[in-house]
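# Build me a structure from this.
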Amino acid sequence: MQVDSVTYTVQTGEADVSTGEAFTVDTAVPLGSVTKPYTAAVVQLLADDGDLALTDLVGTHVPELRRAPHLTVRQLLSHTGGLPTGPDSDDAAALTAARYLSVHCSGRDAVCAPGSGFSYSNAGYVAAGRLIEAVTGMTWQDAVRALVLEPLGTVPAFLGDPTPKRPVARGHSVHAALGRVRPVEQTLAPVEAPAGALQASALDLVALGRALIGGGPRAVLTPEAAEEMRRPVPGAAPGVLADAWGLGLALFQQGAQQWCGHDGNAQGTSCHLRAEPDSGTVVAFTSNANNGTALWHELAEELAQFTGVQVPSAARPPERDRAVALPQCAGTYHNGTIEYRVTADAEGALALTVNGDTPAPLVCYPDLTCDLVDPASGQRHPGGRFLRDPDSGGIDRLQISGRTARRTVTA
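Numbers count the residues shown, from 1 in each chain. Take a look at the predicted model:
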């Protein structure tokens, strides 16, 4: 955490439970989706240098996306391009970027028209990596290393490095009830690297956060470029993920302050970044356990209690009205290879099944938002919302955890 140009660090635990290696201030953790702001920063730097424009059509640089004729670079980085989330890592393991985009990002896979809505997409960042390679002639790894990591003073570390140049933590699965902790392996496909392959420490994330609010080395981002990344993009309504979205950045409104950052989960890790430009405050958290997100929320509450710094650990919870039945929302929705099946019982109460998994009850509200109910515990979690077609007014999309699916079958 950095406040008033003073950096405070705390670390505890083990980097690898199987070896007992201690977790240190330099230990790098698989960042998961917190990789995306680094990738977006590379694209912003290329735009700043005049190598591309944020208004460029992506297909002019990435041949595999020429069938998405209205998709711009800005929309790609802000998840407003209508691209699907992408296949599971296991299914993408043997794909090149060109094959991945050709197969999974054709026009028929679009979940909405570019610029008309938000849908969180790993595939979009596979495309961003391909864009970086096309414009620079460098691999994504070399470009992010040369343009962002090394200028920030971050020792590069990527998933799959056979000989990392710094201590790296393993992810862990924690079963609190049984007191069991087990190391887990990372499964990210190589083609998905621009969406989630970086490993870094909390201090490294603080350095990135400073750059994103215009306080880092000018060799990384000018204040103007940082402000561009933090600017809310039209059409980006991410639901439960954040209040708005910029270029690779989730945006959180806390009173008069707008914080930026990102959350990421890899196999058995949880990482979070928040930065606020007016005060210059940056807060970063890395955990090598699957229950780290709960600790992140607790940390944010304690910071508010003891320091007065109100860190938005998540989007503002919506104001809830009475629950209602929405049987008209029953149907089948698709986002790429993911199928969301919404069923209604005799009273109109809904349940959601994702790719045939155990159904989860939905508690719905008049504004078409809904909570997901954990079938095991009965606990409610803000899950998503149904969306209307702007022309017909009918329910045509479902957004769950920031991912939008098109209605393909009406129940």
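# C-alpha from now on. contacts and neighbour counts both.
Fine.
# Nearest residue to residue 136 in space, ignoring adjacent ones along the chain?
The shortest distance from residue 136 to any non-neighbouring residue, by C-alpha to C-alpha, 6 or more residues apart in numbering, is to residue 143 (7.6 Å).
# pretty sure residue 384 belongs to a strand, no?
Yes - assessed by DSSP: H, G, I helix; E, B strand; the rest coil, residue 384 belongs to a strand.
# let's number from 15 now, not from 1
Got it, first residue is 15 now, which makes that one residue 398.
# Could you find the closest non-adjacent residue to it?
residue 414 (4.5 Å).
# who's in contact with the one you found?
397, 398, 399 (C-alpha atoms under 8 Å, 6 or more residues apart in numbering).
# rewinding a little: residues contacting the host helix or strand of the residue nearest to residue 150, please?
Using DSSP states H and E, residue 157 maps to helix 154-158. Helix 154-158 is contacted from outside by 52, 53, 56, 143, 144, 146, 147, 150, 208, using C-alpha under 8 Å, 6+ apart.
# contacting residues for the first one?
Spelled out, that is residue 52. Contact analysis of residue 52 by C-alpha under 8 Å, 6+ apart lists 158, 162, 222, 262.
# Would you convert those into CSV that also reports neighbour count?
Formatted as CSV, these follow (neighbours: other C-alpha atoms under 10 Å):
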residue, neighbour count
158, 23
162, 23
222, 29
262, 28
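# just curious, which of those is nearest to residue 316?
Residue 316 has its nearest neighbour among the contacts of residue 52 in residue 222, at 23.3 Å by C-alpha to C-alpha.
# gap between that closest one and residue 55?
10 Å (C-alpha to C-alpha, to the nearest Å).
# and residue 202, helix, strand or coil?
Once three-state DSSP is applied, residue 202 turns out coil.
# And for residue 314?
Applying three-state DSSP: residue 314 is helix.
# count of neighbours near it?
Using other C-alpha atoms under 10 Å, residue 314 has 17 neighbouring residues.
# got it, and residue 101?
So residue 101, with other C-alpha under 10 Å, has 18 neighbours.
# That one reaches residue 115, doesn't it?
No - in this structure, residue 101 is not within contact of residue 115 by C-alpha atoms under 8 Å, at 10.6 Å.
# rewinding a little: and the contacts of residue 414, which are buried?
Buried residues within those, counting neighbours by 16 or more other C-alpha atoms under 10 Å: 397, 398, 399.
# If we ignore the residues flanking it in sequence, what's nearest residue 418?
The nearest residue in space to residue 418 (C-alpha to C-alpha, 6+ apart) is residue 133, at 4.9 Å.
# before we move on, the earlier item: return the member of the contacts of residue 52 nearest to residue 74.
Nearest to residue 74 among the contacts of residue 52, counting by C-alpha to C-alpha, is residue 262 at 20.8 Å.
# hang on, the earlier thing: and the helix holding residue 157, average pLDDT?
The average pLDDT within helix 154-158 is 98.
# mind listing what's buried in it?
Neighbour counts over helix 154-158 (16+ other C-alpha under 10 Å) mark 154, 155, 157, 158 as buried.
# got JSON lines for the residues you listed, with distance to residue 28 too?
As requested, those are exported to JSON lines (distance: C-alpha to C-alpha, whole Å):
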{"residue": "154", "distance to residue 28": "31"}
{"residue": "155", "distance to residue 28": "28"}
{"residue": "157", "distance to residue 28": "32"}
{"residue": "158", "distance to residue 28": "28"}
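# Hmm, residue 271 is touching residue 288, no?
No - under the criterion of C-alpha under 8 Å, residue 271 makes no contact with residue 288, lying 12.0 Å away.
# If you count surrounding residues, which of those two has more?
Each of residue 271 and residue 288 has its neighbours counted (other C-alpha under 10 Å); residue 288 has more, 27 against 13.
# Can you get me a residue count around residue 127?
16.
# Likewise for residue 238?
Neighbours of residue 238 using other C-alpha under 10 Å come to 12.
# tell me the SS of it?
Under three-state DSSP, residue 238 falls in the helix class.
# so what's it up against?
Contacts of residue 238 by C-alpha under 8 Å, 6+ apart are residue 228.
# what ranges do the helices span in this structure?
Secondary structure of the chain by DSSP state H: the helices cover 49-62, 87-91, 103-106, 111-118, 136-150, 154-158, 164-166, 207-210, 216-226, 237-244, 306-321.
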